[in-house]
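> with the sequence up front, the predicted model follows.
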Amino acid sequence: MRRTALALTLTLATFVGLSGCGVIVDARADRRETAAEQAFPPEGQFIEVDGRRVHAVVRGSGPDLVLIHGASGSTRDFTFAFMDRLADRYRVIAFDRPGLGWSDRASDAYGGALNTAAEPPAEQAILLQAAAAQLGAERPIVLGHSYGGAVALAWALERPDALSGLVVLSGASNPWPGGLGPLYGIASSRLGAATVVPMLTAFVPLSRADEAIAGIFAPQAPPEGYADHIGVGLTLRRETLRANARQVNSLYPHIVEMSARYGGIGVPTEIVHGTEDEIVPLTIHSEPLATQIPGARLTRLEGIGHMPHHVAADAVEAAIDRVAARAGLR
């Protein structure tokens with residue numbers, strides 16, 4: 001898995017030569033975080049689960065469909081366009097994963113600049129499942145994109161009676177060779193979290209977002225208006241950067257453990273993946289996954305990169321509709 005996350009693709013070289021008092025850095029970071037939160041407020045509602053706030057956006061009516069975003073993301077990845085394509089026939093629930101967007105960390109055990117711990121996919125799934133149940137979604141279809149694919153798979157493993165079907169979209173599902181790049185390790189470490197992360201928040205030019213987004217969408221181009229909608233400033237908040245880096249950096253051993261259990265997933269499963277995805281490669285992740293889950297169907301999208309729900313949305317919708325039909329929901 002080579003996850004070129006929005007914030008962490010911004011090269012560390014941008015900050016070489018920056019120096020100064022930590023108080024100045026923190027003050028600038030404070031101002032930028034406040035501006036981002038004012039510009040991109042919550043779009044939905046908050047559900048409280050064991051004292052933790054989970055942000056959810058709910059649209060439409062019909063069978064329940066839960067959407068789980070990837071690394072560095074938020075509900076805004078889905079509210080840009082994809083939710084509205086589905087709301088005519090599903091009640092669509094998009095969640096911010098713990099520590100990202102407007103959702104709290106899953107517990108106090110994961111907060112703080114010097115804490116390197118992170119929520120495993122299973123704990124994230126259990127929290128989101130409980131939030132979905134509070135919204136009356138007892139057995140939704142669950143779709144996970146990228147890192148969110150691991151959380152969706154964990155939902156199916158940990159709460160098998162609390163979903164009707166599964167859609168894994170460009171999902172991280174199997175052990176990968178190599179590392180994730182130095183920035184994940186730096187931002188996950190105590191030293192990096194305390195020093196580099198505040199500098200990222202304080203000084204990274206938001207104009208670099210277009211370059212980072214282009215890399216995530218490659219070889220396709222991002223849709224017009226996407227960068228303005230997703231709220232890059234929310235991703236660059238200090239606690240969000242730390243949460244994202246630590247979750248991604250700690251994912252591998254959880255994937256190793258989960259991948260040995262996929263044979264027990266019994267719900268209808270659709271897997272959708274672009275052949276040109278270089279962030280979460282098809283051959284490493286979804287091709288093995290299609291053989292690990294009984295009855296899973298893999299749709300290969302020729303020439304498509306990491307963001308099919310934006311650049312090949314018809315194919316993703318068709319996969320959701322097939323799961324709904326197989327589950328007897330439509």
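Alright, I've got the coordinates. Just so you know, these numbers come straight off a predicted model, no measurement behind them. Residues are numbered from 1 along each chain as shown.
> burial of Glu211, as a residue count?
12 (other CB atoms under 10 Å). For glycine as for every other residue, the C-beta is placed from the backbone atoms N, C-alpha and C.
> alpha carbons only: can I get the top strand by length along the chain in PDB?
Secondary structure of the chain read by DSSP state E shows that its longest strand is strand 52-59. Output in PDB follows, covering the C-alpha atoms of strand 52-59 (Å, rounded to 0.1, in the frame of the first residue of the first chain):
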ATOM      1  CA  ARG A  52     -17.400  10.200  21.700                       C
ATOM      2  CA  ARG A  53     -18.900  12.400  19.000                       C
ATOM      3  CA  VAL A  54     -19.200  10.900  15.600                       C
ATOM      4  CA  HIS A  55     -20.100  13.200  12.700                       C
ATOM      5  CA  ALA A  56     -22.600  11.800  10.100                       C
ATOM      6  CA  VAL A  57     -24.200  13.300   7.000                       C
ATOM      7  CA  VAL A  58     -27.500  11.600   6.100                       C
ATOM      8  CA  ARG A  59     -29.300  12.000   2.800                       C
END
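> how about the helices in the stretch 201-330 of the chain?
209-217, 226-230, 232-235, 238-249, 251-259, 286-292, 308-311, 313-326 (DSSP state H, counting those that start in this stretch).
> quick one: buried residues of the longest one?
So the one you mean is helix 313-326. 313, 315-317, 319-324, 326 (16 or more other CB atoms under 10 Å).
> one more: the first one?
Buried positions in helix 209-217, judged by neighbour count with 16+ other CB under 10 Å: 209, 212-213, 215-217.
> tell me which residue is most central in this protein.
Among the residues of the chain, the one closest to the centroid is Gly70, at 1.6 Å (CA atoms, centre = their mean).
> so what's the closest residue in space to that residue that isn't next to it in sequence up against?
Closest residue to Gly70 apart from its sequence neighbours, by CB to CB, 6 or more residues apart in numbering: Ser146 at 2.9 Å. For Ser146, the contacting residues are 3, 69-71, 73, 169-172, 279-280, 306, by CB atoms under 8 Å, 6 or more residues apart in numbering.
> which ones among these are found in strands?
Per DSSP E, strands hold the following members of the contacts of Ser146: Leu169.
> drop anything exposed from the contacts of Ser146.
For these, buried by 16+ other CB under 10 Å: 3, 69-71, 73, 169-172, 279-280, 306.
> ok, longest helix in the chain?
Across the chain, the longest stretch assigned as helix under DSSP state H is helix 22-39.
> touching, Arg53 and Ser103? I think so.
Yes - Arg53 lies in contact with Ser103 (CB atoms under 8 Å); the separation is 6.5 Å.
> neighbour count: the two, which is higher?
The residue with more neighbours, out of Arg53 and Ser103, is Ser103; 27 against 16, by other CB under 10 Å.
> show me what contacts that one?
By CB under 8 Å, 6+ apart, the neighbours of Ser103 are 52-55, 95-97.
> rewinding a little: show me which of the contacts of Ser146 is closest to Asn115.
Using CB to CB, the shortest approach to Asn115 within the contacts of Ser146 belongs to Ala71, at 18.8 Å.
> isn't the closest one up against Ala243?
No - in terms of CB under 8 Å, Ala71 does not count as a neighbour of Ala243; the distance is 10.1 Å.
> and Leu65, which of the three is it?
Three-state call for Leu65 (DSSP: H, G, I helix; E, B strand; the rest coil): strand.
> which residue is the nearest non-sequential neighbour of it?
Excluding its sequence neighbours, the residue lying closest to Leu65 (CB to CB, 6+ apart) is Tyr90, at 4.2 Å.
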